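Student: Predicted model and sequence follow; I will ask about them next.
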Amino acid sequence: MNCLSPSILSADFTRLGEQIQAAEQAGAQYLHFDVMDGFFVPNISFGMPVLGSLRKGTNMMLDVHLMIEDPGRYIGQFADCGADIITVHAEACKDLNYAVDLIKERELLAGVALCPATPLSALQYILPRIDMVLIMTVNPGLGGQKLIPYTVEKVRDLKAMIDGNGLKTDIEVDGGINFQTLQQVLDAGANIIVAGSAVFEGDVAENTKRMLDIMK
Ligand code: DX5
Ligand code: ZN
């Protein structure tokens, strides 16, 4: 099933509750929550208290993308705050298998993210254990960037790897997905679509419906 995961990084934080409600009512199934620590990526975003507040106001799947070093340190706290999916970067984990264990112990969906230049071989042994792979289609750390074209080929290769292993792993794409680039990532095999600026710049409900229409 195709799902839209609006990224609140591009939301108007003075109207966050209202904008999230608009996305949810328009049919968005997931809500993407980008956590940045100023180490793994240069920026700092938001964390547990914001996630806890959002949990009280939405039934969407809370899709937490941890762009932080050694993310295992915080998995328990994000689980306590109501995350449904926790995604860690393969590049940021001292022990990726252990980080996945921590997510699974909390009975959450586990995702592994790869930066654009990280090869798919990083997934070889972990793939059967995880629910989702997040392919970064821009460099992590900032909204509103342009999709890096070679990452579309990477999505296609990942889809072949998943199918070849008889798995049903979800493929999430994140960064630079808009009305122009959406179709090509869908065609390549992505089924969870993160969109920040494309959803939150302008009319949130209208943008959400328009994206979901393309994804049908
Ligand atoms: C970037 C974040 C993205 C970001 C996407 O590091 O992981 O989730 O919000 O923003 P857009 O859709 O504007 O490229
Ligand atoms: Zn993200």
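Tutor: Cool, got the structure. Ligands and ions are numbered 1, 2, ... in the order given.

Student: Show me the longest helix that occurs in this structure.
Tutor: The residue-count maximum for a helix in the chain (DSSP state H) belongs to helix 150-164.

Student: ok, the residue in the chain that ligand 1 sits nearest to - how many residues close by?
Tutor: Residue of the chain nearest ligand 1, by Cβ to the nearest ligand atom: residue 196 (2.9 Å). C-beta coordinates here come from the backbone N, C-alpha and C atoms, glycine included. Residue 196 is flanked by 25 other residues according to other Cβ atoms under 10 Å.

Student: Taking the protein, what residue is nearest to ligand 2?
Tutor: residue 65 (3.8 Å; Cβ to the ion).

Student: neighbouring strands for the helix or strand where that residue lies, and are they parallel or not?
Tutor: Using DSSP states H and E, residue 65 falls within strand 61-67. Using DSSP bridges, the strands paired with strand 61-67 are strand 30-36 (parallel), strand 85-89 (parallel).

Student: At which residues are the strands of the chain located?
Tutor: 3-6, 30-36, 61-67, 85-89, 109-114, 132-136, 170-174, 192-195 (DSSP state E).

Student: can you pull the contacts of residue 30?
Tutor: 3, 4, 5, 6, 60, 61, 62, 63, 85, 192 (Cβ atoms under 8 Å, 6 or more residues apart in numbering).

Student: how about 7 Å then?
Tutor: Listed by Cβ atoms under 7 Å, 6 or more residues apart in numbering, the contact set of residue 30 reads 3, 4, 5, 60, 61, 63, 192.

Student: my guess is the fifth one meets residue 84, correct?
Tutor: Yes: taking Cβ atoms under 7 Å as the definition, residue 61 is a contact partner of residue 84 at 4.5 Å.

Student: pLDDT score assigned to the most far-flung residue of the chain relative to its centre?
Tutor: Here the chain reaches farthest from its C-alpha mean at residue 164, the gap being 23.5 Å by Cα atoms, centre = their mean. Note on residue 164: pLDDT of 98.

Student: and it, how far is that from residue 42?
Tutor: Distance, residue 164 to residue 42, using Cβ to Cβ, to the nearest Å: 36 Å.

Student: try residue 81
Tutor: Note on residue 81: its distance to residue 42, by Cβ to Cβ, is 24 Å.

Student: Around ligand 1, pick out the residues from the protein.
Tutor: 7, 9-10, 32, 34, 65, 138, 140-145, 174-177, 194-198 (Cβ under 6 Å from any ligand atom).
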